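**Student:** for reference, the sequence and a predicted model appear below.
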Amino acid sequence: MPAPSAATFARLADLIAIPDAADRPTRPVVEAFTGKEIASVPVGTADDAKAAIDRARTAQASWARMPVTERAEIILRYRELVYARRNQLMDMAQAETGKSRTSAQEEVLDISMTARHYAHVAPKLLEPRRATGMLPVLTKTTVLHHPKGVVGVIAPWNYPMTLAVSDAIPALLAGNGVVLKPDSQTPYCALAVAELLYEAGVPRDVFAVVPGPGSVVGTAIVENSDYLMFTGSSQTGRLLAEQAGRRLIGFSAELGGKNPMIVTAGANLRKVTDAAVRACYSNSGQLCISIERIYVEKSIAPEFLRMFGDRVRAIKLGASYDFDTEMGCLVNETQVKTVSGHVDDAVAKGATLVAGGKARPDLGPLFYEPTVLTDVPEDAECYRDETFGPVVSVYPVDNVDEAIRRANDTEYGLNASVWAATKAQGEEIAAKVRAGTVNVDEGYAPAWGSMDAPMGGVGISGVGRRHGAEGLLKYTESQTVAVTRVLNLDGPRGLPRQIWAKMLPPLVKAMGWLPGR
């Protein structure tokens, strides 16, 4: 099965929110498996981003007036279209990123799950909520949720479909317009999912895609939008947070991770081994929530290393637009250099290679073997720094307490995995791990896929949450409307002010607001 056709790229290019796009400078888009140019994309400017935001702000007013149930119907139609076109979407994801078919399928499934969840819960989350008033009976208090206006989304290359649209779905349901800047390496993934949004009924100006450099288009989005959602590195997240802070706009971000797995004596090592392969090497390890550190009790460490090493060496690596291979390639040469640099540095400083450890140019320009290290010293780059590739380090530990301590010895705190002798022990350990999500007896999927629960990081792994009620309500401004009935705070007409002032404390106390009751 080949990469998407030239006609597909041409059709999607017409959806770019840049006037006279055909006359603009372009940058090449390459097939990651081969390094061959398969398309080009117009390069947007700051003016293009600002113009798209201005159009979105105008269109958003009528979009917000649409009943939320009607917006939800559009998103449910979108879900059906995503599933119906899943093969074409997976083709595009593989072409631009080089990921395996299984990892590409994760994107399609995630979009579908997100759309279904928020389409069903948005009407309830957004309906006016009665709150306890200051003076029951005498006051009525209601909380309303208004859209922010225009939400800017800056999406990464590693999951360029789901991280482009799954954050936009709740923003759209909340009544916002959205302007998206996709990563420059994966613009057509974003356009492919945008096309289906338009087909489902979302107006073009309400959801706009503006490709271009982050320093130009991304900066313009931060400077002109009403809220910013970002997924990417902790370093870039810090910069964007500063920019958003200067404007006093809301900011949410999922950033980097150096995610640990803990394996205790008594865990089923066959299950751990199979799950660890998914946890460490999905999307070639280019996943914010993938596992990069494994802490194993010493009594089982030799057996775990043997089993895990054997399983990793058996991973089928290759370029294929079907489900025949387990792992694809990396996304660009920079990633290959980072991965090989971390591995070479660790080995030079005394680490032991258990599996992998080298590039595979015989398969394509960006392939690197899934790699397992042990005996990694503290001065190795991969000991603390995020690799964001198919490299995991295994550390034997004396006991569970040491595993927890070392798992928490990091600035990051995004995701973690725990495998123990019993579910109860696993949950007890999980509660002590400093991470936004912890999976017991799995790697990352159950916590990520629990759409009704918040997902995000602590430390330098992020700000705010996606998923759950927070994942939608963050795109709204809460408004409290308090209505006074019968009496206001001036008291009954004709009653002297001094008498009313003396009556008020006992009245408030009787309602339970003051001490003594």
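**Tutor:** Cool, the structure landed.
**Student:** run through this protein and note the low-pLDDT ranges.
**Tutor:** Applying pLDDT under 70 to the chain flags residues 1, 513-514, 516-517.
**Student:** hmm, 90 instead?
**Tutor:** 1-3, 19-24, 132-139, 484-517 (pLDDT under 90).
**Student:** mind checking the longest helix of it?
**Tutor:** When the chain is parsed with DSSP state H, its longest helix is helix 101-126.
**Student:** buried set for that helix?
**Tutor:** Buried residues in helix 101-126, counted by 16 or more other C-beta atoms under 10 Å: 101-108, 110-119, 121-122, 125-126. Backbone N, C-alpha and C define where each C-beta goes, glycine included.
**Student:** and the following helix or strand past that helix, how far out from the chain middle?
**Tutor:** Sequence order places strand 129-131 as the next helix or strand after helix 101-126, per DSSP states H and E. When distances are taken as C-alpha atoms, centre = their mean, to the nearest Å, strand 129-131 is centred 31 Å away from the chain's centroid.
**Student:** run the angle between the very next helix or strand once past strand 129-131 and helix 101-126 for me.
**Tutor:** Going down the chain from strand 129-131, the next helix or strand is strand 139-147, by DSSP H and E. Calculated by axes from the mean of the first three to the mean of the last three C-alpha atoms, to 10 degrees, strand 139-147 forms an angle of 150 degrees with helix 101-126.
**Student:** can I get strand 139-147 in PDB? Just the C-alpha atoms.
**Tutor:** Only the C-alpha atoms of strand 139-147 are listed here, as PDB (Å, rounded to 0.1, in the frame of the first residue of the first chain):
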ATOM      1  CA  THR A 139     -31.000  34.800  46.900                       C
ATOM      2  CA  LYS A 140     -30.700  32.500  43.800                       C
ATOM      3  CA  THR A 141     -27.200  31.900  42.400                       C
ATOM      4  CA  THR A 142     -26.400  30.300  39.100                       C
ATOM      5  CA  VAL A 143     -23.100  29.500  37.400                       C
ATOM      6  CA  LEU A 144     -22.900  29.900  33.600                       C
ATOM      7  CA  HIS A 145     -20.100  28.900  31.300                       C
ATOM      8  CA  HIS A 146     -19.200  31.200  28.300                       C
ATOM      9  CA  PRO A 147     -16.700  30.300  25.600                       C
END
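**Student:** strands paired with the helix or strand that it is followed by, and their directions?
**Tutor:** Downstream of strand 139-147, the next assigned helix or strand under DSSP H and E is strand 150-154. Paired strands of strand 150-154, with direction, are strand 177-181 (parallel), strand 227-231 (parallel) (DSSP bridges).
**Student:** burial check on residue 243, number of neighbours?
**Tutor:** Using other C-beta atoms under 10 Å, residue 243 has 17 neighbouring residues.
**Student:** only the buried residues of the helix or strand harbouring it, if you could.
**Tutor:** Following DSSP H and E, one finds residue 243 within helix 234-247. Across helix 234-247, burial judged by 16+ other C-beta under 10 Å covers 234, 236, 237, 239, 240, 241, 243, 244.
**Student:** just the residues you listed now: which is nearest residue 5?
**Tutor:** Of all the buried residues of helix 234-247, residue 5 sits closest to residue 236, with 33.6 Å by C-beta to C-beta.
**Student:** hmm, the closest one is touching residue 222, no?
**Tutor:** No. Applying C-beta atoms under 8 Å as the test, residue 236 and residue 222 come out as separate, 11.2 Å apart.
**Student:** what do the two both touch?
**Tutor:** Residues within reach of residue 236 and of residue 222 at once, by C-beta atoms under 8 Å, 6 or more residues apart in numbering: there are none.
**Student:** out of the strands paired with strand 150-154, which one sits most buried?
**Tutor:** Mean neighbour count (mean count of other C-beta atoms under 10 Å) peaks for strand 177-181 among those, with a mean of 30.
**Student:** nearest residue to residue 151 in space, ignoring adjacent ones along the chain?
**Tutor:** Spatial nearest neighbour of residue 151, excluding adjacent residues (C-beta to C-beta, 6 or more residues apart in numbering): residue 171 at 4.3 Å.
**Student:** same question for residue 415.
**Tutor:** residue 289 (3.9 Å).
**Student:** re the thing from before, okay, the buried residues of helix 234-247 in TSV with distance to residue 358 next?
**Tutor:** Putting those into TSV (distance: C-beta to C-beta, whole Å) gives the following:
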residue	distance to residue 358
234	28
236	30
237	32
239	34
240	36
241	38
243	40
244	42
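**Student:** for residue 138, what are phi and psi?
**Tutor:** Main-chain torsions, residue 138, degrees, to the nearest 10: phi -80, psi -20.
**Student:** correct me, but it touches residue 491?
**Tutor:** No. Taking contacts as C-beta under 8 Å, residue 138 lies outside contact range of residue 491: 11.4 Å.
**Student:** does residue 372 count as helix, strand or coil?
**Tutor:** Of the three states, residue 372 takes strand under DSSP: H, G, I helix; E, B strand; the rest coil.
**Student:** can you give me the distance of it to residue 445?
**Tutor:** 21 Å (C-beta to C-beta, to the nearest Å).
**Student:** the more surrounded of the two?
**Tutor:** Between residue 372 and residue 445, counted using other C-beta under 10 Å, the more crowded position is residue 372 (25 against 17).
**Student:** residues touching the more buried one, list them.
**Tutor:** Contacts of residue 372 by C-beta under 8 Å, 6+ apart are 305, 308, 309, 312, 353, 354, 355, 356, 392, 393, 394.
**Student:** for the host helix or strand of the last one, packing partners?
**Tutor:** If I follow you right, that is residue 394. Residue 394 belongs to strand 391-397 when assigned by DSSP H and E. With contacts taken as 3 or more C-beta pairs under 8 Å, 6 or more residues apart in numbering; DSSP states H and E, strand 391-397 sits against strand 291-297, helix 301-313, helix 333-348, strand 371-374, helix 381-384, helix 400-407.
**Student:** looking at those, which is nearest to residue 153?
**Tutor:** Residue 153 lies closest to helix 333-348 among the helices and strands packed on strand 391-397, at 22.7 Å (C-beta to C-beta).
**Student:** now do that closest one and strand 391-397, the angle between them.
**Tutor:** Using the same axes, to 10 degrees: helix 333-348 against strand 391-397 is 30 degrees.
**Student:** in the helix or strand following helix 333-348, what's buried?
**Tutor:** For helix 333-348, the following helix or strand on the C-terminal side (DSSP H and E) is strand 352-355. Neighbour counts over strand 352-355 (16+ other C-beta under 10 Å) mark 353, 354, 355 as buried.
**Student:** contacting residues around the second one?
**Tutor:** Residues in contact with residue 354 (C-beta under 8 Å, 6+ apart) are 305, 308, 309, 312, 372, 373, 374, 394.
**Student:** so which of those would you say is closest to residue 502?
**Tutor:** residue 394 (73.6 Å).
**Student:** distance of that closest one from residue 285?
**Tutor:** Separation of residue 394 from residue 285 (C-beta to C-beta) stands at 15 Å.
**Student:** likewise for residue 463?
**Tutor:** From residue 463 across to residue 285, the span is 24 Å (C-beta to C-beta).
**Student:** do the same with residue 189
**Tutor:** 19 Å.
**Student:** so the two - more neighbours on which side?
**Tutor:** Ranked by neighbour count (other C-beta under 10 Å), residue 189 and residue 285 place residue 189 first, with 30 against 25.
**Student:** how far away is the more buried one from residue 135?
**Tutor:** To residue 135, residue 189 is 55 Å away according to C-beta to C-beta.
**Student:** again with residue 356
**Tutor:** Distance of residue 356 to residue 135, computed by C-beta to C-beta: 68 Å.
**Student:** between the two, which is the more surrounded one?
**Tutor:** The neighbour comparison of residue 356 against residue 135 (other C-beta under 10 Å) goes to residue 356, with 23 against 19.
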